[in-house]
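J.: Quick one, structure for this:
(one chain, ligands or ions: 1)
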Amino acid sequence: MTEWWRESVVYQVYPRSFQDSNGDGIGDLEGIISRLDYLNDGTPRSLGVDAIWLSPTFPSPMADFGYDVADYCDVHPDFGTLATMDRLVTEAHRRGIRVLLDWVPNHTSDRHPWFLESRSSRDNPRRDWYVWRDPAPDGGPPNNWLSVFGGPAWTFDPATGQYYLHSFLKEQPDLNWRNPDVERAMLDTLRFWFERGIDGFRIDVIGRILKHPELPDNPENPEWRPGDRERFRQLSVYNHNYPDVFDAVKRIRRVFDAYEGRVAVGEVFGTPEEIARFYGEPGEPGLHLAFNFHFIHERGHEITPWQAPVLRRIIAAAEATVPAFSQPCYALNNHDRSRFVTRHNHDGLGAVRARAAALLLLGLRATPFVYYGEEIGMADVDISPERQQDPARFRSIGRDPERTPMQWDASPGRGFTTGEPWLPFGPLSPNVAEQDGDPGSLLSLYRDAIWTRKAQPSLHRGRLEELRCDDRVVGWVRRAEGSSPVLVAINTSSEPAIVSLPFDAGTVLICTERGRDGQTVRAALELPPLGAAWVQASA
Ligand code: NOJ
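T.: Numbers count the residues shown, from 1 in each chain. Below you'll find the predicted structure:
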């Protein structure tokens, strides 16, 4: 199917942390191949995901763990070779799993040959491939822009007496997408991977690739308070979601469209309207899918509370704004944010909420993304200062706690490695082995929900109708022609909650509370505290 992504569940693999095959403590592609059956072996014994997205696997000095790319058309030796990647694609496809890579168009590594040339002299033909400017009259940076990780977004290069722009680390210089040669070269890197059978890309910070051509100062943020993240001191109006980005996205899309069945999923930030704009218009599409991270955070870094009215507002806004020719794309976790179980654990009940969250994510009209370890309820791991790795920790919040190795079992190497892991492990539990045969585990719930979703057209392609519920519950009905409607209801309160059924009677397809599956319900459904259920109308 060309638009396979509409009905798919995608699983994010952080390659360094998924499975090590050679004992160096770093996950690799061979390791991923060995775990493909866990992800989908064609039966409900496996997770059943339809696609995997690998965070960057390209050669890189790893200043930002692969988001500093030194060669877009190869594989980092820590992960394997091009031949291993080819085999991963073949093996994944054999199981019906599509493979997405992570395209980083906003910046390269400072060791990328393009940047080495660019910084070598002011008249190098590649000088203009990056954003170079003279110092301000006082010798300082050309404007007030801040790096996302804190500090100025400019670094002075004494060799040529100019500053270069970097929206992230100084090891990640921003490409100049106003130069058509840059755009051409970057689009060619997409073609390279499409020719090798890659099914699509998650696109890193796509909203930053084009800035205001004059690079004016950003205005101060009047809401910023001491203690807030440094980069929120200013409103990034001239270097984030600048209007020219949306035209570039349409040109990028045309490369995807030249190959059948490829998908572009953008990492985007903004209001529901801004997210929707990345999809383009009918006849002039942009991204196939644009991430909506609002279940994680809506503005800045404030964590979205697990409260029905908030969740309802987020869902309603996405439903109202994403163009009718596509659908939303949600995630509860990723490699940049504290894990769900930890974010919602103020009362020690994060793991309970995670069960309901699974039914929320997989019950929405959307392409859901599951982050490795989410399916077993992995939490953030406290990392002692001497083991910390993420350079963002110096001026921003370090992301190591949510990137620790996958916990496959309770052995010393957790089934992840025979060596010393690049980041420390969490506690012995949770792990896959302990949850595998346990019908009450979170892993079993994820498997059941994913396979149930696959079996029910209402759930994988039905429209979504919001249900009126009190403030303890967020609920909706999924309906598709030729398939019985399914009610999805999530109770975010710590009391049981009653939901009136939108149909006479139904059968519980799946519930966070054990023993309820298959139960017949009439008129009303009782949801356990912090629990959730999917109920299918009786035919
Ligand atoms: C977003 C990625 O998810 C993050 O991990 C990375 O540090 C920045 N983009 C810069 O590429």
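
J.: Please make it C-alpha for all contacts and neighbour counts, starting now.
T.: OK.

J.: Identify the residues contacting residue 306.
T.: Shown in contact with residue 306 (C-alpha atoms under 8 Å, 6 or more residues apart in numbering): 344, 492.

J.: Looking at this structure, which residue is nearest the ligand?
T.: Nearest to the ligand, among the residues of the chain, is residue 67, at 4.5 Å (C-alpha to the nearest ligand atom).

J.: shouldn't that residue be in contact with residue 105?
T.: No: if you go by C-alpha atoms under 8 Å, residue 67 and residue 105 don't touch, sitting 9.8 Å apart.

J.: Retrieve the pLDDT associated with residue 1.
T.: Residue 1 is assigned 68 on the pLDDT scale.

J.: cool, residue 300 as well?
T.: According to the model, residue 300 carries a pLDDT of 70.

J.: Would you state the helices of the stretch 351-500 of the chain in chain order?
T.: Assigned by DSSP state H, counting those that start in this stretch, the stretch 351-500 of the chain shows helices spanning 432-436, 442-455, 457-461.

J.: Give me the helices and strands touching the second one, please.
T.: The elements that helix 442-455 packs onto, with contact taken as 3 or more C-alpha pairs under 8 Å, 6 or more residues apart in numbering; DSSP states H and E, are helix 350-363, helix 432-436, helix 457-461, strand 497-511.

J.: Can you tell me which of the ones you listed is packed in deepest?
T.: Mean neighbour count (mean count of other C-alpha atoms under 10 Å) peaks for helix 457-461 among the helices and strands packed on helix 442-455, with a mean of 25.

J.: Pull the distance from it to the chain's centre.
T.: Mean-position distance between helix 457-461 and its chain equals 22 Å (C-alpha atoms, centre = their mean, to the nearest Å).

J.: try stretch 145-164
T.: So, by C-alpha atoms, centre = their mean, the centroid of stretch 145-164 is 28 Å from its chain's centroid.

J.: can you give me the end-to-end distance of it?
T.: The first and final residues of stretch 145-164 sit 12 Å from each other (C-alpha to C-alpha, to the nearest Å).

J.: ok, back up a step: burial measure for the residue of the chain closest to the ligand, as a count.
T.: 26 (other C-alpha atoms under 10 Å).

J.: Show the model's pLDDT score for residue 26.
T.: Reading off the confidence values, residue 26 has pLDDT 98.

J.: Name the nearest residue to it, sequence neighbours excluded.
T.: Spatial nearest neighbour of residue 26, chain neighbours left out: residue 16 (5.0 Å); criterion: C-alpha to C-alpha, 6 or more residues apart in numbering.

J.: Can stretch 285-296 be said to contact the ligand?
T.: No: using C-alpha under 6 Å from any ligand atom, stretch 285-296 stays clear of the ligand, coming no nearer than 11.5 Å.

J.: what distance separates the start and the end of that stretch?
T.: 27 Å.

J.: Next: stretch 456-473.
T.: Termini of stretch 456-473 sit 23 Å apart (C-alpha to C-alpha).

J.: Could you give me the buried positions within it?
T.: For stretch 456-473, the neighbour count (16 or more other C-alpha atoms under 10 Å) marks 456-464, 466-467, 469, 472-473 as buried.

J.: I'd like the residues you listed as CSV, with pLDDT appended.
T.: Below are the buried residues of stretch 456-473 laid out as CSV (pLDDT from 0 to 100):
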residue, pLDDT
456, 97
457, 98
458, 98
459, 98
460, 98
461, 97
462, 98
463, 98
464, 98
466, 97
467, 97
469, 94
472, 98
473, 98
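
J.: residues from the stretch 51-200 of the chain in reach of the ligand?
T.: Counting by C-alpha under 6 Å from any ligand atom, the stretch 51-200 of the chain sits next to the ligand at 64, 67, 168.

J.: what sits against the first one?
T.: If I follow you right, that is residue 64. 169, 390-391.
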